[in-house]
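A.B. asks: output the structure for:
(2 chains)
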Amino acid sequence: MSELTKLTIAGARDALRKGETTSVEITEACLKAIEGAGALNAYVHHTPEIALEQAKAADARIGAGDAPAMCGIPLGIKDLFCTKGVESQAASAILGGFKPEYESTVTSQLFDAGAVMLGKLNMDEFAMGSSNETSTYGNAVNPWRRGNDEAALTPGGSSGGSASAVAADLCLAATGTDTGGSIRQPAAFTGITGLKPTYGRVSRWGIIAFASSLDQAGPMTKDVRDCAIMLSAMAGHDPKDSTSAELAVPDFEAMLTGDIKGKVIGIPKEYRMEGMPEEIEALWAEGTEMLKAAGAEIRDISLPHTKYALPAYYVIAPAEASSNLARYDGVRFGHRAKLAQGDGIVEMYEKTRAEGFGDEVKRRIMVGTYVLSAGYYDAYYNRARKVRALIKRDFDEVFAAGVDAILTPATPSAAFGLGEMAEADPVQMYLNDVFTVTVNLAGLPGIALPTGTDKQGLPLGLQLIGRPWEEGDLLNTAYALERAAGFVAKPGKWW
Amino acid sequence: MLDLTYEAPKPKVISGATGDWELVIGMEVHAQVSSKAKLFSGASTQFGAEPNSNVAFVDAGMPGMLPVINEGCVALAVKTGLGLKAEINLRSAFDRKNYFYPDLPQGYQISQLYHPIVGEGEVLVEMGEGVARKVRIERIHLEQDAGKSIHDMDPNMSFVDLNRTGVALMEIVSRPDIRGPEEAAAYIAKLRQILRYLGTCDGNMQNGNLRADVNVSVCRPGQYEKYQETQDFSHLGTRCEIKNMNSMRFIQQAIDHEAKRQIAILEDGGSIDQETRLYDPDKGETRSMRSKEEAHDYRYFPDPDLLPLEIEQGWVDDIEASLPELPDAKKARFMGDFGLSDYDASVLTAEVEAADFFEKAAEGRDGKLAANWIINELYGRLKKDEKELGESPVSPAQIGQIIDLIKSDAISGKIAKDVFEICYTSGREPEEIVETEGMKQVTDTGAIEAAVDEVIAANPGQVEKAKANPKLVGWFVGQVMKATGGKANPKAVNELVSAKLGL
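C.D. replies: The predicted structure is shown next:
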């Protein structure tokens, strides 16, 4: 078979089961592709030995007729996931050289299902960022370019390495995590499909925490079917994560009928932002038409508290982060600053954290510390929690009124140039999350998928938001939209 | 059952140069939950293990690790609440208390600030017969203990032992209802007693399994009553918190010193700074640890890793049904059913083991006699050997046998002491000792009469004197007892001597 790296999970699974190829062959092809793709800086830790060993084991299982869907599928793993014995640094210098003695629940479920780990993927430091530029490894690069322009573009963030690797066929799929849009925004920037499941659907155990009440891992894949297959393998109740839901995991792939007749799709007026590019506006309208043509009922809806979502998010997420990141103190693991004569514990903390954390992480720790401080807690943190409850209520009411899914743009723009935002106010960067944070605040499932390109040929994505725990239904709606949009473009190989 | 009523004790008054001062004390007691595993991890809580051997990944604050509540700890906290007649909150929640310290690996302690698992309760603190203080409990919350920093092993380095990190603590917070150093010590003692009865904390203060932060303020007489009426703290003085006390003696000393320090400042025209202080038992003084300005801003917020803790009333009811008889009820029962004095009942209910021992020994017998034997003879003998009741070589059944032997007139109270000593040292059964050693009391009046006749015949001079001075009967009784090796029934001897002397 040619172009093994271009296979989808479903395609590879079928080919493996038919004996048309082997996991070792696909894995070797991916490893070769990775070797030639240094310019994308998607992989930050390479694990070819582990990959080949897992691939051989997978081939044996396939040969023995014991092959779950993910068996033999080479994946990239976001650096935020703790992988036993392999560097897991959250793209931060403060975790320099950190190799956990444990395997995250998600990766161990994937590996138990026979999946293959090619290596660890680049990301924004501690998943804080929308462009991958806060990574200690240097940014990953989007395989897409604006026409013939050689300017490097961001793959988005924080799961930028994952997006870049999937889009450039450096793996069949990748894991991502999404706290405010970190799966969906990079998916949209790179023309791939990314799903953030309902909060509690996928275990957080072993995933380095950013904002615990918002973090959720999900699949980043080449199409909707792959998202369904991979989510089934990632999801499930985990007694080690108190926030994980005790719910059975359905066979999401089996729910992909493409039939959405009679489904009600909500179009929220508050997502029509001022100054939104025409192309995004048009993409959204086209998507709406496609769903309508597929038999869905389109309904204009209102989610009145949407405009408060971004400020609330940028209070809650930093607050939790400021506490979650307190453990990086140089005492037990990771980076510890060299101390001068007479330095005590306070100097050790200060120097270690000053050296180990990047600017964006420091900014959020300071914001988070501030909003939780005595005298400010009610004005910021408590108010943000109230807003969060209202945002959730907005969605509850819409769903209670019969809406099955909500269609919105995934991002306010196509991928932007690396370095373009260097001088900008950090809030400009935060605006990337404007369509996605509401979903995290409400704990809902959301999926971004490519439905078109802009004038310069860059992919653009739409987002579908579903009812809690109804990822199957959401994936099916996305599947219908995917079929209608027929997006097949791939980035031209320049790396 | 006896219904005991109590009078409130008088508050401690300290006379200053400008008049009298009263003390107002509130306590936060940290009681280590006697669970096998930690509050949020499966790591062992065993005391004295190799440093850093009882540490799960989550205890060490490793990246991506998550806490999972230990249901057993929750049950013990609920049990404690029920034992303190407190409200149980079916919905509580965990918050993070954020601060940096090397023995706090997560950078925060998981605690319950906003929604504790146990609400208002009450402890009756007895201060003598018929006198007791009702101390209101404000709340009990569950929280993690920190680890241990060791600074004296190396001149340049500090070491950290995380064995204790994450062990479950109950913080039992009282209202400022304690009015003197003795009351404070008695409060801790009573709390410890109840916790040990419940089996929810071993109460080992030396190991730090029970320790207290003590809030002390002083006010003028009358002010406290105003506070009581209004619950408005402005009627009271500014308080200082003395941290981490794990000895009842030091708690009393520290309160005393702290109150006098505050009074001296106030009488000098100064004012008290609200601050945290440490007690130095060597110097006998408290000193400032940190002022209000230096106080940490703990940035409490709900722990997003844990869902609110929801428990069911049925589960609480099951725990309530399993509660043992508690000290107050047991004491009242001992007084009512066995006729014990307040003092004896208090002594015998101090520890549940003592109460059980007593009940076994006293079952179907004279309770007062059993109490005397345990408190006077057994406790005295154990104390001499520096032994605990648990190590007693004499069993409750053996005490029971001794009582039965006395009651059936088989032995006198005096011989009983000899029997007890033999039993104590050899472990032999009292009945068998009496039998084998021929210690049985002589109740055969024929034999006693012969002995009496012999003594009277041998001492005609004394007989004459006795006729003039009947008190000398005692001398004859003594002689007869001597002659019979102490085995004669003293009552019978006494009667016979009096009759024969015609008195």
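A.B. asks: contacts, neighbours, all on C-alpha from now
C.D. replies: Will do.
A.B. asks: for chain A, what's its nearest residue on the stretch 351-500 of chain B.
C.D. replies: Using C-alpha to the nearest C-alpha, the closest approach of the stretch 351-500 of chain B to chain A is made by B:Val352 at 37.8 Å.
A.B. asks: ok, now which ones touch the closest residue to that residue other than its chain neighbours?
C.D. replies: Of all residues not flanking B:Val352 in the chain, B:Tyr197 sits nearest, at 5.9 Å (C-alpha to C-alpha, 6 or more residues apart in numbering or on different chains). B:Tyr197 makes contact with B:324, B:326-327, B:351-352, according to C-alpha atoms under 8 Å, 6 or more residues apart in numbering or on different chains.
A.B. asks: how about the residues of chain A near chain B?
C.D. replies: Near chain B, the residues belonging to chain A are A:82, A:104, A:204-209, A:212-213, A:239-243, A:320, A:323-324, A:326-327, A:331-332, A:369, A:372-374 when assessed by C-alpha under 8 Å from any C-alpha of the partner chain.
A.B. asks: make a PyMOL selection of the buried ones in the residues you listed.
C.D. replies: Command for PyMOL, covering only those of the residues of chain A next to chain B found buried under the criterion 16 or more other C-alpha atoms under 10 Å in any protein chain shown:
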select buried, chain A and resi 82+104+204+205+206+207+208+209+212+213+240+241+242+243+320+323+324+326+327+331+369+372+373
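A.B. asks: next step: the residues of chain A next to chain B restricted to helices.
C.D. replies: A:320, A:323-324, A:369 (DSSP state H).
A.B. asks: need the helices for the stretch 151-300 of chain B, in chain order.
C.D. replies: In the stretch 151-300 of chain B, the segments counted as helices under DSSP state H, counting those that start in this stretch are B:181-198, B:223-230, B:248-267.
A.B. asks: and A:Asp112, what is it in contact with?
C.D. replies: Per C-alpha under 8 Å, 6+ apart, neighbours of A:Asp112: none.
A.B. asks: now it: how far from chain B?
C.D. replies: Using C-alpha to the nearest C-alpha, to the nearest Å, A:Asp112 is found at 20 Å from chain B.
A.B. asks: for chain A, which helix is longest?
C.D. replies: Chain A, longest helix under DSSP H: helix A:383-400.
A.B. asks: what about it, distance to the chain center?
C.D. replies: 23 Å (C-alpha atoms, centre = their mean, to the nearest Å).
A.B. asks: repeat that for stretch A:327-337.
C.D. replies: For stretch A:327-337 - counting by C-alpha atoms, centre = their mean - the centre lies 27 Å from the chain centre.
A.B. asks: only alpha carbons, please: show that stretch as CSV.
C.D. replies: Taking Å, rounded to 0.1, in the frame of the first residue of the first chain, the C-alpha atoms of stretch A:327-337 are listed here in CSV:
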residue,chain,number,x,y,z
ARG,A,327,3.5,22.0,43.0
TYR,A,328,6.3,23.1,40.6
ASP,A,329,8.5,24.3,43.4
GLY,A,330,11.8,22.6,42.7
VAL,A,331,11.5,20.4,45.8
ARG,A,332,10.7,17.0,44.4
PHE,A,333,11.0,16.9,40.6
GLY,A,334,11.7,18.9,37.5
HIS,A,335,13.9,22.0,37.4
ARG,A,336,15.5,23.4,40.5
ALA,A,337,17.5,26.7,40.3
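A.B. asks: now it: buried residues?
C.D. replies: In stretch A:327-337, counting by 16+ other C-alpha under 10 Å, buried: A:327-331, A:333-337.
A.B. asks: just stretch B:196-208 next, same as before
C.D. replies: Applying 16+ other C-alpha under 10 Å to stretch B:196-208 flags B:196-203, B:205, B:208 as buried.
A.B. asks: now do the same end-to-end measure for it.
C.D. replies: 15 Å (C-alpha to C-alpha, to the nearest Å).
A.B. asks: what of stretch B:338-347?
C.D. replies: End-to-end distance of stretch B:338-347 (C-alpha to C-alpha): 14 Å.
A.B. asks: for it, which residues meet the burial criterion?
C.D. replies: B:338, B:340-341, B:344-346.
A.B. asks: which one of the residues you listed sits closest to A:Gly402?
C.D. replies: Comparing those against A:Gly402 with C-alpha to C-alpha places B:Ser346 closest, at 68.8 Å.
A.B. asks: wait, that closest one touches B:Lys330, no?
C.D. replies: No: in this structure, B:Ser346 is not within contact of B:Lys330 by C-alpha atoms under 8 Å, at 9.3 Å.
A.B. asks: contacts only, for the residue in the stretch 151-300 of chain B that chain A sits nearest to.
C.D. replies: Relative to chain A, the nearest point of the stretch 151-300 of chain B is B:Arg299 (5.1 Å; C-alpha to the nearest C-alpha). Neighbour list for B:Arg299: A:369, A:372-374, B:96-98 [criterion: C-alpha under 8 Å, 6+ apart].
A.B. asks: please apply the same query to A:Ser242.
C.D. replies: A:Ser242 touches B:66-68, B:305-307, counting by C-alpha under 8 Å, 6+ apart.
A.B. asks: redo that, cut-off 7 Å
C.D. replies: By C-alpha atoms under 7 Å, 6 or more residues apart in numbering or on different chains, the residues touching A:Ser242 are B:68, B:305-307.
A.B. asks: count the neighbours of A:Phe98 for me.
C.D. replies: 19 (other C-alpha atoms under 10 Å in any protein chain shown).
A.B. asks: now do the helices in the stretch 351-495 of chain A.
C.D. replies: Using DSSP H, counting those that start in this stretch, the helices found in the stretch 351-495 of chain A span residues A:359-371, A:383-400, A:426-430, A:437-442, A:471-485.
A.B. asks: what does the shortest one rub up against?
C.D. replies: In this case it means helix A:426-430. A:Ser130.
A.B. asks: list phi and psi for whatever residue of chain B ends up closest to chain A.
C.D. replies: Nearest to chain A in chain B, going by C-alpha to the nearest C-alpha, is B:Gly64, at a distance of 4.1 Å. Per-residue torsions, B:Gly64: phi 80, psi 0 (degrees, to the nearest 10).
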